[in-house]
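Visitor: Give me coordinates for this.
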Amino acid sequence: MLALFLRDLRLSMRVGGGALTGIIFFLAVIATIPFGVGPDLNLLSRIGPAILWIGALLASLLGLDRLFQADREDGSLDLLVLEADRHMLALTVLVKCLAHWTGSVLPLVIAAPMLGLFMNMEPLAIGATALTLLAGTPAITFIGAAGAAVTVALPRGGLLISILVLPLTIPALIFGVSASYGATQNPAPFLQPFLILLALTLFLAVIGPLAAALALRRSAD
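Guide: Model (predicted):
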């Protein structure tokens, strides 16, 4: 599993630009917001956590089509599906999701504090938003694994993955933004939505790989 993690981590950073493409897209989203809403610094500060979350969410969707695509092209995906039982395949998918998140999504979380400065956010709001992104973005990857498994054999599956996955990421977006606002605005709470966000990520860490494994096995049949 460690060898698989390291292999997928290298692939996630090499294929299609990896983390660099996501960071550039993230930066493009954040940079265009002031042109749309105007130079009101107070307004930018208020909407900053939501914009960072939306930007990170959209950037996270970019590389989901690569989650199983390289394995399908070199034939290793068929071997993984044929040789592993259902639970072992789900564990393999979980490791691949963690490698993809580390290589493609974690850099977005690291870049979020710097981009928060563009939105005139307070240090506490920047820290809270980065923490919620760290806790919530793995949920997006776990949901995306199921979508990537469903569309792995389809042409132009990347767009279809975004259509399938985006509505399912709304709960993570809601609780992530709520917790970010709760850190700086009273009487809005921080701990309750943050704990719900963590629980959602843990729940999807089980459900997402299982659903992806089932979809991969059915596609192989």
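Visitor: Kindly provide the distance from Gly182 to Phe190.
Guide: Separation of Gly182 from Phe190 (C-beta to C-beta, to the nearest Å): 4 Å. All C-beta atoms are positioned from the backbone trio N, CA, C, and that covers glycine.
Visitor: I meant to write Thr184 there.
Guide: Thr184 is 9 Å from Phe190, by C-beta to C-beta.
Visitor: Mind checking which of those two has more residues around it?
Guide: Using other C-beta atoms under 10 Å, the more surrounded residue of Thr184 and Phe190 is Thr184, with 21 against 18.
Visitor: Remind me which helix or strand the more buried one belongs to.
Guide: Under DSSP states H and E, no helix or strand contains Thr184.
Visitor: where does the chain have low pLDDT?
Guide: 12-18, 73-75, 78, 82-87, 153, 155-158, 219-221 (pLDDT under 70).
Visitor: for the chain, which helix is longest?
Guide: In the chain, taking DSSP state H as the definition, the longest helix is helix 191-220.
Visitor: Against which helices or strands is that helix packed?
Guide: With contacts taken as 3 or more C-beta pairs under 8 Å, 6 or more residues apart in numbering; DSSP states H and E, helix 191-220 sits against helix 76-83, helix 86-100, helix 123-150, helix 170-182.
Visitor: Now tabulate these in JSON lines and tack on mean neighbour count and distance to Val29.
Guide: JSON lines is the format used below for the helices and strands packed on helix 191-220 (neighbours: other C-beta atoms under 10 Å; distance: least, C-beta to C-beta, whole Å):
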{"stretch": "helix 76-83", "mean neighbour count": "15", "distance to Val29": "32"}
{"stretch": "helix 86-100", "mean neighbour count": "20", "distance to Val29": "20"}
{"stretch": "helix 123-150", "mean neighbour count": "24", "distance to Val29": "14"}
{"stretch": "helix 170-182", "mean neighbour count": "22", "distance to Val29": "14"}
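Visitor: if we can go back for a sec, any common contacting residues for Thr184 and Phe190?
Guide: Shared contacts of Thr184 and Phe190, defined by C-beta atoms under 8 Å, 6 or more residues apart in numbering, comprise Ala128.
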